[in-house]
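Participant: Task: produce atomic coordinates for the following.
(one chain, ligands or ions: 1)
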Amino acid sequence: MSDTTYYVHPMAEVSPDAQVGAGTRIWRHAHVREHAVLGESCNIGKGVYVDTHVQIGSRVKIQNNASLFDGLTVEDGVFIGPHVCFTNDTAPRAITADGKLKSTDDWQITPTLVQYGASIGAGSVILCGVTIGPFALVGAGSVVTRDVPPHGLVFGNPAHLQGYVCHNAHRLTNIQDSEGKPFMLAHKDRVSEASSKGSASDLNSKLVGWCPICKQTCQIGG
Ligand SMILES: [Zn+2]
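Facilitator: Numbers count the residues shown, from 1 in each chain. This is a model prediction of the structure:
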């Protein structure tokens with residue numbers, strides 16, 4: 001372990017081959033595997049599983065019993081709610097076509113990225129291969145199957161874009177494009193299309209919204 005200024009509960013298990021940054025706290029029954037990297041000042045809740053090679057930035061909060069598997073990268077300032085589950089295999093099988101138990105050589109990890117400041121609500125499942133954009137908000141119980149744009153609010157199963165949120169996760173109103181025209185959200189097809197081409201952030205790169213709680217405009221582009 002790279003640093004001794006972090007806290008590990010006596011009933012947590014942190015591999016000596018993991019890296020943990022200063023000020024990070026790892027609570028009871030959490031398990032941090034070898035070659036996982038945790039940044040500074042993170043809070044890793046009870047029963048959290050951090051698989052091998054998972055990369056976690058600084059000031060990340062991971063609530064109880066979340067499961068983070070190999071292939072996942074979490075940037076700084078991300079919130080992961082309780083019981084959130086990330087996946088890492090698009091073609092999961094226990095056995096090969098001829099019935100033998102698969103080994104680690106028999107399958108390929110699909111990476112997933114959660115970007116700066118994003119939040120993922122309790123009990124959500126994140127399918128692998130997606131990117132959740134900066135300051136996006138995933139509603140509780142969602143199943144995320146495609147990219148989420150910056151500041152995007154998604155929920156449901158499968159999760160659809162339902163709006164946009166400010167830096168404080170308040171829902172924005174009066175979304176306008178770069179020409180000041182109202183931006184209607186009746187564009188699920190557009191979002192699907194953009195996301196499938198990996199250009200979800202292009203879709204709203206110049207949108208601006210109004211937060212009625214913060215009482216200020218919010219740039220929601222990437
Ligand atoms: Zn706000």
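Participant: How about the residues of the protein by the ion?
Facilitator: 166, 168, 170, 211, 213, 214 (Cβ under 5 Å from the ion). Any C-beta I mention is one placed from the backbone N, CA and C, and that applies to glycine too.
Participant: On the three-state scheme, the spatially most distant residue from the centre of the chain is what?
Facilitator: Among the C-alpha atoms of the chain, the one most distant from their mean position (Cα atoms, centre = their mean) is that of residue 98, at 35.5 Å. Secondary structure of residue 98, reduced to three states by DSSP: H, G, I helix; E, B strand; the rest coil: coil.
Participant: again with residue 90
Facilitator: When the structure is reduced to helix, strand and coil (three-state DSSP), residue 90 reads as coil.
Participant: my guess is it contacts residue 110, does it?
Facilitator: Yes. Residue 90 is within contact range of residue 110, at 5.3 Å (criterion: Cβ atoms under 8 Å).
Participant: Nearest residue to the middle of this protein?
Facilitator: Within the chain, and using Cα atoms, centre = their mean, the residue nearest to the centre is residue 114, at 3.7 Å.
Participant: That one: what's it in contact with?
Facilitator: 72, 73, 74, 75, 78, 80, 120, 126, 131, 132 (Cβ atoms under 8 Å, 6 or more residues apart in numbering).
Participant: try 7 Å
Facilitator: With Cβ atoms under 7 Å, 6 or more residues apart in numbering as the criterion, the residues that contact residue 114 are 74, 75, 78, 132.
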